[in-house]
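Visitor: here is my input; please provide its structure:
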Amino acid sequence: MQELIFVMGSLWILLLEKYVLANNSNFWVGAIVPIISIIFVIWLLSTDRLKIDFLDILVALIYISLNFIFWGQGQDLYHRRTVKKVNDRIYE
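Guide: The predicted model follows:
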């Protein structure tokens, strides 16, 4: 059950990251979730809630990587929207 809650929570946070936090003009707002995820994984490792074995480290690295990927995709969405607005103004 804990794994299911973790997966659902992670998906919700990643979607929030892509479509809300990273999809704006302030790039640092989107950096909040990846930084918090790094701190969260370090906390899990330091309190022995996450074992230092291959599978747990792999899942942690994938989770952190996905946070940065979704941050970049959110920034791309913002830039596409901005370019579309500029193109609409130019070609009106």
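
Visitor: tell me the pLDDT at the residue nearest the centre of the chain?
Guide: Centrality entry for the chain: nearest residue to the mean C-alpha point is Asn67, 2.7 Å, by Cα atoms, centre = their mean. Looking at Asn67, its pLDDT is 88.

Visitor: which helices and strands sit right next to the one helix or strand Met8 maps to?
Guide: Taking DSSP states H and E as the definition, one finds Met8 inside helix 2-16. Counting contacts by 3 or more Cβ pairs under 8 Å, 6 or more residues apart in numbering; DSSP states H and E, helix 2-16 packs against helix 32-46, helix 54-90. Bear in mind the C-beta positions are built from the backbone N, C-alpha and C, glycine included.

Visitor: that older thread, give me every residue that touches the residue nearest to the centre of the chain.
Guide: Residues near Asn67 by Cβ atoms under 8 Å, 6 or more residues apart in numbering: 13-14, 17, 33-34, 37.

Visitor: not counting sequence-adjacent ones, nearest residue to Trp43?
Guide: Once flanking residues are discounted, Trp43 sits nearest to Arg49: 8.0 Å by Cβ to Cβ, 6 or more residues apart in numbering.

Visitor: wait, I meant Leu44
Guide: In space, Leu44 is closest to Leu50, 3.8 Å off (Cβ to Cβ, 6+ apart).

Visitor: can I assume that neighbour is in contact with Leu58?
Guide: No. The pair Leu50 / Leu58 is not scored as a contact, 11.4 Å apart, by Cβ atoms under 8 Å.

Visitor: mind checking what secondary structure the residue nearest to Trp43 has?
Guide: Look at Arg49: counting by DSSP: H, G, I helix; E, B strand; the rest coil, its state is coil.
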